[in-house]
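S.K.: Need the 3D shape of this:
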Amino acid sequence: MSDEELQLIKALDEETMEGEGSEEEEESENETEEANADEDDVDMSDAEHLEDVIGKQKHEPSKSQYETRKEKLAARIKAMEDKALSDQPWQLKGEVTARSRPENSLIQEAVEFDSNVAPVPTITMETTQSLEAIIIQRIKDKSFDDVERKVRLKDDSEKFKKRIELDHEKSKMSLSAIYEQEYIKLRDKEGDAEEKIDPAEEEIQKMMSSLFAKLDALSSFQYTPKPAPKEVKVISHLPSVVVEEVQPDTVADSARLAPEEIKRPRVEVKDRSEMDSTDKKRMRRRKKAKNRKVEMVKKTAEARVQKLNPGLGNKRAEQRSIEAIKQAVVNEGKVIRPSKESVLPDKTYSSSKEFFKALQNEVKLDKSRPKKKLESKKLGSAKPVEKLKL
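M.R.: So this is what the prediction gives:
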């Protein structure tokens, strides 16, 4: 910037400062005039108020402090009610459209609103000086060109990677045909063909191996790693051996279950408080079925006891059993004479214990009597059973 421009800027600054000083003086004069006018208004209002008070004192009777306080409170409440019922300004009406407020009234208000735009940086003397320094430096360097646009380089490393082509179409061949084709490829060694190698990649591999060999020679083979073992592939055209699992052909379902499945309860256990109406009804039905089953078993047991042990509270069954015993003895050809100790005559017993006791005594008497030896018929060429062999 030249000296003339600097002098012109200083002159403009002085003029603006003088204008501001004159404006401040005018504002101070206006304020003093307004204060004097307000004092005159206050004096006039005080005089009117005194006249009103004196007139009221002449015409109205004196009131107590409570009445005056109550009147002031009522007047204050009325003023607040009138203010609440009166039309509010548009700033206090909530969401206001442009039609319900005066024109250009929003310019005077400091409104807060959300914005997604980044805030504009504040321009200060430091920012302007930095920009001026950049411009001056570019002028000195005589670099008037635009900024070059940067372009991202393409990554060509994918061509060295294996690209697997996936066929999403459904195969028209059956599974057996696919297996047959794969088997033919293995048999004809079509699958062992070497993959095509890029010549540039092969050349790089040779150069790297020669470089590593020279480096190993310079380091006297101290850092040479172990040679990589050669891959051995065994290709056999024999049919594969089918290995069967060592387990029986038939296995029970219970043997296949895991321990958690065996111990796991069929129904989730619930407390009485956790049960609903359906659970309680189900539990009641199970209890009734269990009781019915127990009662049925009890009845069948009693019936069997009555059959096997006659006389246990059943007089008719006892009589029938005695008659059956008598008939069996007569059929065998044995005559039993009635005796005083015999239990067979018709006699009523008060309990089953007495009946069985008398029956046991009768059996003992039969054993104590002498038995006739029966002559067995002897066969001519009969052999004992022990000597026979099957």
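S.K.: all contacts plus neighbour counts: C-alpha atoms, from now on.
M.R.: Will do.
S.K.: Got the phi and psi for residue 138?
M.R.: When quoted as degrees, to the nearest 10, the phi and psi of residue 138 stand at phi -70, psi -30.
S.K.: can you pull the contacts of it?
M.R.: By Cα atoms under 8 Å, 6 or more residues apart in numbering, the residues touching residue 138 are residue 144.
S.K.: Where do the helices of this structure begin and end?
M.R.: Using DSSP state H, the helices of the chain run over 3-59, 65-85, 125-141, 175-187, 199-218, 253-256, 259-263, 277-308, 315-332, 352-368.
S.K.: Mean confidence (pLDDT) on the second one, please.
M.R.: This points to helix 65-85. What helix 65-85 shows for mean pLDDT is 91.
S.K.: Just the C-alphas of it, formatted as CSV.
M.R.: Extracted in CSV, the C-alpha atoms of helix 65-85 (Å, rounded to 0.1, in the frame of the first residue of the first chain):
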residue,chain,number,x,y,z
GLN,A,65,-55.6,-0.5,57.3
TYR,A,66,-57.1,-3.9,56.6
GLU,A,67,-59.7,-2.4,54.2
THR,A,68,-57.1,-0.3,52.4
ARG,A,69,-54.8,-3.4,52.0
LYS,A,70,-57.8,-5.5,50.8
GLU,A,71,-58.7,-2.8,48.2
LYS,A,72,-55.1,-2.6,46.9
LEU,A,73,-54.9,-6.4,46.7
ALA,A,74,-58.3,-6.6,44.8
ALA,A,75,-57.1,-3.8,42.4
ARG,A,76,-53.8,-5.7,41.8
ILE,A,77,-55.6,-9.0,41.1
LYS,A,78,-58.0,-7.2,38.7
ALA,A,79,-55.1,-5.7,36.8
MET,A,80,-53.4,-9.1,36.5
GLU,A,81,-56.6,-10.7,35.3
ASP,A,82,-57.1,-8.0,32.7
LYS,A,83,-53.6,-8.4,31.5
ALA,A,84,-54.0,-12.2,31.3
LEU,A,85,-57.3,-11.9,29.4
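S.K.: List the buried residues of that helix.
M.R.: When burial is assessed from 16 or more other Cα atoms under 10 Å, helix 65-85 yields no buried residues.
S.K.: Give me the helices and strands touching that helix, please.
M.R.: Of the remaining helices and strands, none touches helix 65-85 by 3 or more Cα pairs under 8 Å, 6 or more residues apart in numbering; DSSP states H and E.
S.K.: mind checking the end-to-end distance for stretch 99-112?
M.R.: One end of stretch 99-112 sits 20 Å from the other (Cα to Cα, to the nearest Å).
S.K.: Number of residues surrounding residue 178?
M.R.: Applying other Cα atoms under 10 Å, we find 13 residues neighbouring residue 178.
S.K.: Ignore what I typed, I meant residue 355.
M.R.: Residue 355 has 19 neighbouring residues, counting by other Cα under 10 Å.
S.K.: gap between it and residue 143?
M.R.: Taking Cα to Cα, one finds residue 355 at 140 Å from residue 143.
S.K.: Check residue 135 too.
M.R.: Distance of residue 135 to residue 143, given as Cα to Cα: 10 Å.
S.K.: neighbour-wise, which of those two wins?
M.R.: Counted by other Cα under 10 Å, residue 135 and residue 143 do not tie: residue 135 has more neighbours, with 14 against 10.
S.K.: Show the model's pLDDT score for the more buried one.
M.R.: Note for residue 135: predicted pLDDT of 91.
S.K.: From residue 122, how far out is it?
M.R.: Residue 135 is 20 Å from residue 122, by Cα to Cα.
S.K.: Next: residue 106.
M.R.: Distance, residue 106 to residue 122, by Cα to Cα: 24 Å.
S.K.: Who has more neighbours out of the two?
M.R.: Taking other Cα under 10 Å, residue 106 and residue 122 do not tie; residue 106 has more neighbours (12 against 7).
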